[in-house]
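Quick one: sequence plus predicted model below, questions after.
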Amino acid sequence: MKEYFSGNEVQFIVVHGDLTLKDYVSSDDILKRINQQIDRVKRRYRYVQDDFIKIIHIVDMDGVYIPDSDIREGDKKEIEYYEDHIAAKNVSAIEERNKRKGDILYKLRKTGKINHIPYRIYFNSRNLEHVLYGELKDCSDEEKQIRSDDFADRYDGKSDEFIEFISASAVAVPGTYQKTWDYIEKDKNSLNRHTNMHLIFQK
């Protein structure tokens, strides 16, 4: 992104854990929570309001929109993701999680601005590793770091190749911003290998 948007200054906020999955966050206060992150960037880099061009928010889908009937009881402590269902020890907790996160994501995708700054939210399904590598397994933090470094090295100085990869029909959901979100909300699509990140790079 820094290479592609080299005419502007790009700052990243890495939120450890998923802000849309935090127990203390709801659709009622998600905009406030994101604005708090923006204020952190303002203080750190001494930006003023007019310095901001847009906010790009990237999230994992975590199978959030699948029917409750496709959340099954599992015997492992960790949540297990498959191409057609989720397995978890506490089924009702996952149902509640999906409902809350789904409400938050719906509000965010309908939000055009946060604190007067243009805003768009983009997804990877089931998560970034799934889109980049086609793997369903949960990676450890160490594995994520190694793979991130490898991926960055592969596309260093090759933003066009990365955009080509992320725009390929194997992963990219076709259509407008609105239509990509309509698609990911249907059936079991939020468990399948999809992204709309390619829209970030459209002129």
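Nice, I can see it.

average pLDDT across the top strand by length along the chain?
Using DSSP state E, we find that the single longest strand of the chain is strand 117-125. Averaged over strand 117-125, pLDDT sits at 95.

now for it, which elements pack on it?
strand 55-60, helix 91-109, helix 128-133, helix 177-184, strand 194-195 (3 or more Cβ pairs under 8 Å, 6 or more residues apart in numbering; DSSP states H and E). Any C-beta I mention is one placed from the backbone N, CA and C, and that applies to glycine too.

Can you add distance to V14 and mean pLDDT and give those back as TSV?
Below are the helices and strands packed on strand 117-125 laid out as TSV (distance: least, Cβ to Cβ, whole Å; pLDDT from 0 to 100):
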stretch	distance to V14	mean pLDDT
strand 55-60	11	94
helix 91-109	18	96
helix 128-133	12	82
helix 177-184	23	97
strand 194-195	19	96
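
Can you say which of the ones you listed is packed in most?
Sort these by mean neighbour count, taking mean count of other Cβ atoms under 10 Å, and strand 194-195 sits at the top with a mean of 22.

Beta-bridge partners for the residue nearest the centre of the chain, please?
Nearest residue to the geometric centre of the chain (Cα atoms, centre = their mean): V59, 1.3 Å. Here V59 sits in beta bridges with F123, going by DSSP bridges.

That one contacts F123, doesn't it?
Yes - V59 lies in contact with F123 (Cβ atoms under 8 Å); the separation is 5.6 Å.

list residues touching both of the two?
L105 (Cβ atoms under 8 Å, 6 or more residues apart in numbering).

What residue in this protein is the furthest from its centre?
D75 (27.6 Å).

is it fair to say that residue lies in a helix?
No - judged by DSSP: H, G, I helix; E, B strand; the rest coil, D75 forms no part of a helix; its state is coil.

Can you give me the pLDDT of it?
92.

measure the closest residue to it other than its chain neighbours to K22 for me?
Counting by Cβ to Cβ, 6 or more residues apart in numbering, D75 lies nearest to K89, which is 7.2 Å off, once chain neighbours are set aside. Separation of K89 from K22 (Cβ to Cβ, to the nearest Å) stands at 20 Å.

Same question for I121.
16 Å.

Neighbour count for those two, which is higher?
The neighbour count for I121 versus K22, taken as other Cβ atoms under 10 Å, is higher for I121 (21 against 15).

What residues does that one make contact with?
Applying Cβ under 8 Å, 6+ apart to I121 gives the contacts H57, I58, V59, L105, L108, R109, T111.

The third one: what's it in contact with?
Right, the one you point to is V59. D18, T20, L105, I121, Y122, F123, N124.

Now for those: which two are most distant?
Largest separation among those by Cβ to Cβ: D18 and Y122, giving 14.1 Å.

These two - which one has more neighbours?
Neighbours were counted for D18 and for Y122 using other Cβ under 10 Å; Y122 has more, 18 against 14.

was I right about the more buried one contacting I56?
Yes - between Y122 and I56 there is a contact at 6.9 Å, judged by Cβ under 8 Å.

tell me, what's touching the two both at once?
By Cβ under 8 Å, 6+ apart, Y122 and I56 have these common neighbours: I200.
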